[in-house]
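K.L.:
dropping a prediction and its sequence here:
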Amino acid sequence: MHAACQRTRGNPRYRSGTLESAHGHSTNSARGFAPRLNSGAPGTVWGWAGLLWGLGGVVALLGYAVVRLSGMTLDAWQYPFDVWHWSLLIANTAFMAHSEGYKGFQQSYAPRVVARARYLMQAPSPVRTALAPVFCMGYFGTTRRRLRSTY
């Protein structure tokens, strides 16, 4: 096993690619980890505009979907539910909450959106800033594999 992996295994201060010192400072370059992009430096006005536009656009898009789907959900409560309706509702809700909510959204999509928005703040460009919500969702400027799964 690599020496850096042995030092970090079981270390509670090891967080996402950096080893934090006892005072919370990251010691990444000396340990063989990739340095963070522009860590600690304040973002520019365009960077902050891209961050806010990107995250705001993604939240607005998700909110729009919730509003549109809530109408159909509320219509379902107009009908009487039998036992098998309730059992299917509970099973489907549990499955979707775990697979789409926890695994898909909380563990994969949301951290990726935030990481791309943070990158946009630290390294803005005119195209990425103008198309920040689309960039944060991963529709361009990413790996070929991620593009295939996004589309």
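P.N.:
Right, received. Where do you want to start? Numbering: from 1, shown residues only.

K.L.:
ok, which stretches of the protein are strands?
P.N.:
14-15, 18-19 (DSSP state E).

K.L.:
and those strands, which one's lowest on average pLDDT?
P.N.:
Mean pLDDT values for the strands of the chain show the minimum at strand 18-19, a mean of 37.

K.L.:
state the distance from Leu62 to Pro133.
P.N.:
Per Cβ to Cβ, to the nearest Å, Leu62 is found 11 Å from Pro133. Where C-beta positions appear, they are placed from N, C-alpha and C, glycine not excepted.

K.L.:
more neighbours: which of the two?
P.N.:
Counted by other Cβ atoms under 10 Å, Leu62 and Pro133 do not tie: Pro133 has more neighbours, with 19 against 14.

K.L.:
out of everything not next to it in sequence, what's closest to that one?
P.N.:
Residue nearest to Pro133 in three dimensions, not counting chain neighbours: Gly57, with 2.7 Å by Cβ to Cβ, 6 or more residues apart in numbering.

K.L.:
quick one: the one you found from Pro126, how far?
P.N.:
From Gly57 to Pro126 the distance is 16 Å (Cβ to Cβ).

K.L.:
and for Tyr79?
P.N.:
52 Å.

K.L.:
likewise Leu55?
P.N.:
In terms of Cβ to Cβ, Leu55 sits 19 Å off from Pro126.

K.L.:
shaky segments in the chain?
P.N.:
1-43 (pLDDT under 70).

K.L.:
which stretches in it count as helices?
P.N.:
Using DSSP state H, the helices assigned to the chain run over residues 3-8, 45-76, 83-96, 110-122, 126-130, 132-136, 144-150.

K.L.:
just give me the neighbour total for Gly56.
P.N.:
Gly56: 14 neighbours (other Cβ under 10 Å).
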